[in-house]
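Undergrad: model this:
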Amino acid sequence: MKQWIIKNRKAVIIISAIFLFLLTSFLTLLILPHRDALVQLREGSYFKARNVLVAGPVAVMLADTERFKYRKKALGHVPSDMTLSIFSLKNLRLIEFLETREDTPPGVIPSYYLGSYKIIAAAHRGYLKLWMRNGRVYGSIRFPNWARGVTEYLKSVSITGENIRFVRSITTSKEQRRVGASAYFTQVYYGKYYIKGRKIKGYYTRNGHRGLWEAVK
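TA: Numbers count the residues shown, from 1 in each chain. The predicted structure follows:
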């Protein structure tokens with residue numbers, strides 16, 4: 001047995017790495033708070049998913065076992081059976097993070113975490129605005145020199161402690177026409193506040209790739 005392991009050391013390392021990745025992903029999905037998403041496969045069908053975790057060229061998630069031809073039907077469906085699944089990003093057309101129904105309790109977010117910022121994401125310069133209404137945080141972003149340069153309204157905006165998270169995405173033909181984007185996309189932004197909210201630094205993910213972003217007042 002020892003000789004077989006030595007001869008097949010590379011295979012053992014690969015198998016061990018895959019097992020460790022699956023175990024880590026499974027534990028992470030269990031620990032994470034529930035965050036629902038709508039996923040469309042490249043062949044066109046839709047399904048609900050929960051706690052989508054993008055890692056390199058794959059996406060790990062708890063996926064609904066039922067598939068739907070139309071987006072509206074998938075959105076209205078309440079999953080009864082979700083399984084741990086791994087998809088290659090090449091086989092996914094979009095991942096749309098859905099708005100949470102839980103309101104952010106008023107008064108827990110410092111006022112200096114809200115307001116207008118100048119943002120730089122990769123090579124694009126623009127404007128980020130954050131505000132609060134009825135106990136929830138909202139935001140918008142605009143890159144004047146990208147596509148039609150119009151205001152894009154952010155999704156799933158949340159501020160927890162010194163950290164901010166939001167989704168910038170184009171997932172419908174109506175959004176695509178209004179913004180002037182060449183294709184659907186989903187970017188998830190993660191950031192941390194500095195200097196009492198006067199600066200935010202972080203990264204965003206898109207199709208498994210990371211880019212840096214920074215915003216200042």
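Undergrad: Domain parsing of the protein, as residue ranges.
TA: Domains of the chain are assigned by automatic domain parsing as 2-97, 111-216.
Undergrad: mind listing what Val179 touches?
TA: Neighbour list for Val179: 147-148, 150, 152, 170 [criterion: C-beta atoms under 8 Å, 6 or more residues apart in numbering]. C-beta: built from backbone N, CA, C; applies to glycine.
Undergrad: Compare these and tell me which is most surrounded.
TA: Neighbour counts for those (other C-beta atoms under 10 Å) peak at Ile170, which has 23 neighbours.
Undergrad: Who's the closest spatial neighbour of it, skipping the chain neighbours?
TA: Of all residues not flanking Ile170 in the chain, Ala181 sits nearest, at 4.6 Å (C-beta to C-beta, 6 or more residues apart in numbering).
Undergrad: What is the three-state secondary structure of the one you found?
TA: coil (DSSP: H, G, I helix; E, B strand; the rest coil).
Undergrad: And it, how far from Arg148?
TA: With the distance defined as C-beta to C-beta, to the nearest Å, Ala181 ends up 9 Å from Arg148.
Undergrad: Give me the common contacts of these two.
TA: Overlap of the contact sets of Ala181 and Arg148 (by C-beta under 8 Å, 6+ apart) is empty.
Undergrad: first vs last residue of stretch 53-68, how far apart are they?
TA: End-to-end distance of stretch 53-68 (C-alpha to C-alpha, to the nearest Å): 22 Å.
Undergrad: Check which residues of that stretch are buried.
TA: Using 16 or more other C-beta atoms under 10 Å as the test for burial, stretch 53-68 gives 54, 58-64, 66, 68.
Undergrad: next one: it to chain centre, how far?
TA: Relative to its chain's centre, stretch 53-68 lies at 12 Å (C-alpha atoms, centre = their mean, to the nearest Å).
Undergrad: one step back: keep only those of the contacts of Val179 that are in strands.
TA: Counting by DSSP state E, the contacts of Val179 place 152, 170 in strands.
Undergrad: Return the member of the contacts of Val179 nearest to Trp131.
TA: Nearest to Trp131 out of those is Glu152 (C-beta to C-beta; 14.9 Å).
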